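J.: let me see the structure of the following:
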Amino acid sequence: SFAYRNGAGSKVDFRCGDLFDAFSTDLLNRVDLVISNPPYLSEQEWMDAPFDVRVHEPRLATVAGMNGSEVLMRLITDASQWLKHDGWLVLELAPSRVEAVTEMMFGTFDNFSIRQDLAGMKRIAIGQKS
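T.: Just a heads-up that it's a prediction; the model follows:
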């Protein structure tokens, strides 16, 4: 497995599902780290995206809804229930979502920052549950 190949062994538990649906309730307030590359484009941004994006990227994994923040909002809201105190949330986002994500994470997550990708675009939000 990926964890064993990279020296993490049994210390990492990978879950796959629709946001937190794959988690059992015994994990409430016990998760150390959530990393997600959720859908974050609006319907209009999808229509305006370059042809190669629309052809090669799955729409389900790319479009979040009419305004593009729907999945990010669910993820940020729900993560606060699952993360333990001082747990971390790391999200990829579109530069156009930086302001909305900052507002959503303010007050729930400390040590909040927005990081740039290799192209210098603001694309990563990081916060620690307070």
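J.: only C-alpha atoms for contact and neighbour calcs from this point on.
T.: OK.
J.: next helix or strand past the longest helix anywhere in the chain?
T.: As assigned by DSSP state H, the longest helix anywhere in the chain is helix 70-82. On the C-terminal side of helix 70-82, the closest following helix or strand by DSSP states H and E is strand 83-92.
J.: the helix or strand following that next one to helix 70-82, inter-axis angle?
T.: Using DSSP H and E, the helix or strand that follows strand 83-92 in sequence is helix 98-105. Relative orientation of helix 98-105 with respect to helix 70-82: 30 degrees, computed using axes from the mean of the first three to the mean of the last three CA atoms, to 10 degrees.
J.: okay, helix 98-105 in CSV with CA atoms only?
T.: C-alpha atoms of helix 98-105 as CSV (Å, rounded to 0.1, in the frame of the first residue of the first chain):
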residue,chain,number,x,y,z
VAL,A,98,-9.7,32.3,-1.6
GLU,A,99,-11.9,35.1,-0.1
ALA,A,100,-14.9,32.7,0.4
VAL,A,101,-12.8,30.0,2.0
THR,A,102,-11.0,32.5,4.2
GLU,A,103,-14.4,33.7,5.5
MET,A,104,-15.6,30.1,6.0
MET,A,105,-12.6,29.0,7.9
